[in-house]
Every structure is written in structure tokens, then in C-alpha cells.
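Undergrad: A structural model of the following input is requested.
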Amino acid sequence: MNEVAVEISGLHYDYPDGTVALNGIDLEIQSGEKVGIIGANGAGKSTLLLHLNGILRGDGTVRVFGSPINKSNLSAVRREVGLVFQNPDDQLFCPTVYDDVAFGPRNMRLAEQQVAERVSRALRLVGLDGLERKSAFHLSIGQKKRAALATVLVMDARVLALDEPSGNLDPRARRELMALLKDLAETQVIATHDLGLVADICSRVVLLDRGKVVADGQGHDILENRVLLEQHGL
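TA: Residues are numbered from 1 along each chain as shown. Down below sits the predicted model:
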């Protein structure tokens, strides 16, 4: 039996202006699953991802590998769940790509030799080895997306939470990113409008509408249900 990577029970979240973002989410994701979270704008996709490593804290319970997220274990949870933002410029802020990817391990106070080994491995995984001394400012959007992914892979995160990973990519960069995600063994939770990416990568699809799960099942069953998708803004 697979280990449960993420378990969400009765999750509610309201934004400060009173907008209901999540309205009773119950969801269980097994270790190694690749799950596409789809839905129209405002469905709650990004808000859900932000709960997976405690950036947002709503009412209800979120467990990561059996541990409920709370103040005392936030650092440990964030090493398990790597969140990759939609805009890589929100994640890359250091003088060089090397420093960006090394930021997390250095905060863990690892020896510099260990940091170097981790950074080298992460950049090799995303195909950016050789660009260590380049500024992220001078990378293409596709390279920035992969560098942002490297900043969580370097932490040995077992769950990758990816917000619109293919957003703003040209066809070639999109294909390269999809190939990379398909090859990674980590549990993946991908929030996106890109139904082609979901069809190619995710065996399971969760459809959100107005903060609720309205469908959860095999990817092909949901993505081929045109009536269902149209009913919920897709």
C-alpha cells in the first residue's frame, strides 16, 4: 500500500475581504502520484497549493506524510513540500543561479561542500548545469521556471506543488518542462489551466469550482467529459 503524502480534511479558507476561496476540501494524495488540479480562474487552485506547505493556514487539517501542519513543524514541512510559484521572479532573487539554488541548503547550515553537491545535482536534473554563475535576470522564462524548480529539488522535497508550471512558455520550453516533470519521481500536485499538460503528465485529475471538489478521478475520464468541463468554466 502506498504511503499517503498529503491528506486534507474539511479545509476552509476565506480571504480577508470575505471571499470564500476553499469551501470544505477533502483530498488524499498518495506518494508518487501526479495529480492535476484544474478549474476556472477563482476556483481555488493556487490557494489550495499555498496550504500544502503552510504559507496559508485555513480551518481544517492538512497533513504531510502523517504530520499535521502547525507552527512547530513548518520548517520540516517546507523541506517535504516544495512550492514552485507561477512567476519564477517571485522565487529567484540572488545574484546568481548558484546562489538561488544554494539558498535553502545554506539556511539549513549545511557544509559548503554538501551545498555544492546538492546544487550541482539539482541543476543537472533540470538541465541548467553550466549556468551556475549566470544571473537569473538573464535567463529565458523557460530557464527561470527550471531554476525555480531546482530551488525545491535541492531540498530533497518529496512533494512538488507547481502553480501553472507551463504558463508563458513557448512551445519548445513547454515540451522541455513537460519531459522534465514526467521523468521526476516525486509526488506532484500541479495547478494549471493547461489541460494538455495535465493529460500528458497526470494520471489523476481533481476539478475545483468555487472552492469545492466537484470531480476527482482518472485523468482521461474527466478530461474527455466535455459537458463536465463546460459546466465548470473549462
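Undergrad: which residues of the chain score low on pLDDT?
TA: 1 (pLDDT under 70).
Undergrad: and if we set it to 90?
TA: The chain contains residues with pLDDT under 90 at 1-2, 18-19, 70-72, 74-76, 78-79, 234.
Undergrad: all strands for it, in order.
TA: For the chain, strands defined by DSSP state E occupy the ranges 4-14, 20-30, 34-38, 59-64, 67-68, 81-84, 159-163, 187-191, 204-209, 212-218.
Undergrad: With distance to residue 99 and mean neighbour count as new columns, can those strands be given to me in CSV?
TA: Glycine gets a C-beta too; all of them are placed from N, C-alpha and C. Formatted as CSV, those follow (distance: least, Cβ to Cβ, whole Å; neighbours: other Cβ atoms under 10 Å):
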stretch, distance to residue 99, mean neighbour count
strand 4-14, 30, 18
strand 20-30, 32, 18
strand 34-38, 30, 25
strand 59-64, 28, 18
strand 67-68, 30, 12
strand 81-84, 18, 24
strand 159-163, 22, 23
strand 187-191, 26, 25
strand 204-209, 36, 22
strand 212-218, 39, 15
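Undergrad: so which of these gets nearest residue 123?
TA: Ranking these by distance to residue 123, with Cβ to Cβ as the measure, places strand 81-84 first at 15.1 Å.
Undergrad: which other helices and strands contact that closest one?
TA: Contact analysis of strand 81-84 by 3 or more Cβ pairs under 8 Å, 6 or more residues apart in numbering; DSSP states H and E lists helix 141-153, strand 159-163 as its packing neighbours.
Undergrad: Outside of that strand itself, list whatever touches it.
TA: 6, 49-50, 52-53, 55, 64, 91, 145, 148-149, 151-153, 155, 157-163, 165 (Cβ atoms under 8 Å, 6 or more residues apart in numbering).
Undergrad: Just want the most central residue of this protein.
TA: Among the residues of the chain, residue 161 comes closest to the average C-alpha position under Cα atoms, centre = their mean, at 1.6 Å.
Undergrad: Just confirm that residue contacts residue 52, I think it does.
TA: Yes: Residue 161 is within contact range of residue 52, at 4.8 Å (criterion: Cβ atoms under 8 Å).
Undergrad: who touches both of those two?
TA: Overlap between the neighbourhoods of residue 161 and residue 52 consists of 81, 83, 189, taking contacts as Cβ under 8 Å, 6+ apart.
Undergrad: From those residues, pick the one nearest residue 209.
TA: residue 189 (17.7 Å).
Undergrad: Run through the residues that contact that closest one.
TA: Contact criterion Cβ under 8 Å, 6+ apart gives 6, 29, 35, 37, 49, 52, 159-162 as the residues in contact with residue 189.
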